[in-house]
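> Sequence below, structure please.
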Amino acid sequence: MTSATARSLVAAQAAIESFDLSADGESVVFARRVVFRGAYRSHLWVAPWSGGRARRLTDGPVRDANPVISPDGRFVAFGRSPADGATRRSTDASEAESHVWIVPMAGGAPRQLTRLEHGAATPRWSPDGTRIAFLARAGPHRFLVGRESPGRAPTARRLTRTDFRDDESGHLSRRTHLWVVDARRGARPRQLTSGDYDVRQPAWSPDGAWLAFSADMGPDANIAPQSNVYRVPVTGGRVRQLAGLRGDAERPAVSPDGRWVAFLGTDVGDPNEHVPVGLWVTAARGGPPRRLSASLDRSIGCHAGADLVQAEDGPGPVWLSRTELLVIVSTEGRNLPYRISLRGEAQRLVAPGRVIGAGLATGAGRVALSAGLDRHAAEIYAVEAEGTRPPARLRPITQDGSRWQRRFAVPDWEELWVDTPAGRMQVWIASPPGARSAPLPTVVHLHGGPAGAWGPGGTMDSTHLCAAGYRVLMANHRGSSSHGAAWTRALRGHWGEVDAEDVLAAVDAAVGRGLVDPQRLGVMGHSYGGYLTQWLIGVTDRFRAAVGENGVSNQVSTWANSYFGVHFDRRWRLGDPLSRAGMLRAWGSSPLSNVARIRTPLLILQSEEDRICPAADNEQLFIALRALGRETEMVLYPEEHHDLKSHGRPDRRIDRMERILAWFDRWVRDSPA
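Below is the predicted model:
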């Protein structure tokens with residue numbers, strides 16, 4: 001295999017998943033995931049702001065996540081689920097085995113606070129520290145026919161809406177709502193919201209009288225999704241809309257003086273991903289919203305990707321003072337912290353460098369940022385001003401997220417800018433450490449989204465492939481985020497056209513620089529990257545081998561089989577089966593339509609429980625290739641959902657990485673020129 005095998009990489013990897021900063025700015029609490037005896041465990045740790053050795057707060061065969069520190073700094077609330085069978089990341093959607101717990105900041109035995117039948121998650125302390133708001137599923141089963149019995153499948157499921165599933169939770173049998181519990185006595189929790197919608201992202205008012213949250217209360221959220229921001233009294237009562245835009249409004253945060261509610265959103269009807277997500281503010285009593293980030297042609301959020309940095313979608317706005325907020329902005333393949341005032345003045349806090357930000361927290365005027373720097377896994381940093389004006393310096397607070405990388409050679413990364421018909425394109429090239437400019441066998445790695453973006457944050461796949469002697473080429477082709485609305489919008493209605501053109505331009509540029517052996521080229525991608533991989537090998541024979549992971553082969557069937565396919569395909573102008581013209585448009589951008597032209601050996605990796613890019617879709621391509629007698633394999637991973645490569649069960653992640661390398665070794669490295 002290689003000196004840095006997939007097994008040792010996965011077994012060694014640690015990840016800082018979430019964190020919080022105490023109100024006095026003196027302590028950071030974070031959740032750290034490790035692999036123990038072939039399964040994940042996540043525990044809480046506390047580190048001093050000044051730096052130094054972190055101290056463990058929790059232990060045992062558990063997955064602890066989403067820590068939040070009480071206002072007085074004495075306790076930490078968090079979500080806990082058992083480690084056995086924990087294969088995926090914690091989400092805001094509460095799971096039956098997840099509950100809210102509390103542990104003393106000084107150390108001691110944790111105490112379980114909630115015992116609801118359907119679980120609880122996402123704790124939030126009230127400003128006075130006496131109550132905790134959280135999310136939990138509630139209400140009757142949404143589409144059950146017959147009696148509900150533990151361990152027994154229902155008679156049937158009767159559906160009247162299309163929003164009956166998502167990727168990780170499977171069937172959305174109950175809605176997630178907002179609850180409050182007394183943090184001191186652990187009395188019976190009170191449910192504050194109800195109805196046929198899901199509550200997300202709760203935020204307290206500073207006086208503790210009400211909570212803001214986001215929700216989509218529309219008639220069918222998967223056909224025409226539209227989130228709005230609402231408030232509800234903590235004593236219960238009428239839910240009132242605070243802000244609504246023509247697009248989405250979500251991730252509310254109430255100002256320290258209680259006058260304003262900041263949130264993220266888009267004010268364009270049926271917005272596609274090319275519409276920048278902006279920072280907005282509205283009066284806490286309601287009123288017309290005002291956009292604060294109008295000067296930025298970039299989206300708020302963590303859209304530049306690196307699987308060594310657990311960014312997810314990134315944090316919402318964080319209030320630094322009564323008049324200033326902190327956000328993370330994706331720009332040129334980086335996720336960078338910005339300060340934005342109520343007057344709309346935006347200022348980047350740190351130099352771009354090679355920063356992939358993931359989370360923000362404040363306390364006593366201090367700012368903490370979780371981020372990956374220069375190809376390394378995420379750590380928590382203090383953002384410290386060196387003068388009266390930015391850029392600030394990043395001082396590491398933790399060393400617990402990237403220490404494991406010292407056992408492995410970190411690839412060299414180079415940033416290139418390549419000319420395309422639409423302008424300059426950013427391309428990242430990862431190479432074996434110390435590799436010279438001689439041409440090497442190369443794997444073109446395509447990002448997902450399609451509005452994702454590669455950045456300099458490092459990935460497990462690049463580490464593994466570079467250790468085996470490959471270069472890895474990653475292009476931010478048209479459709480990628482972090483390069484402005486026009487660059488992302490250019491892919492709309494042109495899947496398989498401008499993206500393919502740009503990827504091949506990146507290959508040509510790397511070959512022209514003498515970095516890539518054109519006779520030893522492979523291509524791989526996950527999700528949309530899997531789609532583009534399968535499309536490329538149907539329109540060009542430049543690649544010796546391909547690996548498509550959880551991709552899309554048939555846009556016609558995925559329109560309905562993907563849980564968000566209806567609105568996703570509409571927004572990207574991919575067509576639909578509602579008319580002959582729409583069906584032909586969808587078929588025209590489907591890799592399956594080119595199957596007879598595919599002669600590149602293709603390895604298809606597929607999570608069986610993926611509801612974003614379902615297994616049935618890629619089975620069509622596999623069966624068609626086998627019927628044609630082409631070289632192909634399909635590997636199915638039971639129980640796994642869309643993001644197996646980062647959050648799947650460790651043995652499955654190892655198997656995935658070993659198969660990818662073996663496939664390229666067989667067809668690319670050892671292939672005759």
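
> State the distance from Val595 to Ile604.
Using Cβ to Cβ, to the nearest Å, Val595 is found at 12 Å from Ile604. Just so you know, the C-beta spots here come from the backbone N, C-alpha and C atoms, and that holds for glycine as well.

> Tell me which of these two has more neighbours.
Per other Cβ atoms under 10 Å, whichever of Val595 and Ile604 has more neighbours is Ile604, with 25 against 21.

> Name the secondary structure element that contains the nearest residue to the more buried one once chain neighbours are set aside.
Using Cβ to Cβ, 6 or more residues apart in numbering and skipping residues adjacent in sequence, the residue nearest Ile604 is Met634, 4.3 Å away. For Met634, the element it lies in under DSSP states H and E is strand 632-637.

> as a whole number, average confidence for whichever helix or strand comes after that strand?
Next helix or strand after strand 632-637 toward the C-terminus (DSSP H and E): helix 644-647. Helix 644-647 comes out with an average pLDDT of 90.

> Now helix 644-647 - C-alpha only, PDB.
The C-alpha trace of helix 644-647 is given here as PDB (Å, rounded to 0.1, in the frame of the first residue of the first chain):
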ATOM      1  CA  LEU A 644     -19.500   8.500   4.300                       C
ATOM      2  CA  LYS A 645     -16.000   9.800   3.400                       C
ATOM      3  CA  SER A 646     -15.900  12.000   6.500                       C
ATOM      4  CA  HIS A 647     -18.500  10.600   9.000                       C
END
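
> returning to that earlier point: list the residues that contact both of Val595 and Ile604?
By Cβ atoms under 8 Å, 6 or more residues apart in numbering, Val595 and Ile604 have these common neighbours: Leu621.

> any idea of the pLDDT on the residue nearest to Ile604?
Listed pLDDT for Met634 reads 98.

> does Ser126 really touch Val181, like I thought?
No. Taking contacts as Cβ atoms under 8 Å, Ser126 lies outside contact range of Val181: 10.3 Å.

> buried set for the strand holding Met634?
Of the residues in strand 632-637, those buried under the neighbour-count criterion (16 or more other Cβ atoms under 10 Å) are 632, 634, 637.

> got it, and stretch 128-135?
129, 131-135.

> where does the stretch 201-350 of the chain dip in pLDDT?
Flagging of the stretch 201-350 of the chain using pLDDT under 70 yields the residue ranges 310-313.

> Same check on the chain?
For the chain, the ranges with pLDDT under 70 are 1-4, 84-96, 167, 186, 310-313, 387-388, 671-673.

> number of nearby residues for the nearest residue to Leu308 once chain neighbours are set aside?
Using Cβ to Cβ, 6+ apart and skipping the chain neighbours, the partner closest in space to Leu308 is Ala377 (4.1 Å). Neighbour count for Ala377, taken as other Cβ under 10 Å: 25.

> what does the one 5 residues further on give?
As a burial measure, the neighbour count of Ala382 was computed by other Cβ under 10 Å and equals 20.

> in which helix or strand would I find it?
Going by DSSP H and E, Ala382 is in strand 379-384.

> and that strand, what other elements does it pack with?
Packing contacts for strand 379-384, counted by 3 or more Cβ pairs under 8 Å, 6 or more residues apart in numbering; DSSP states H and E, involve strand 15-21, strand 366-373, strand 393-396.
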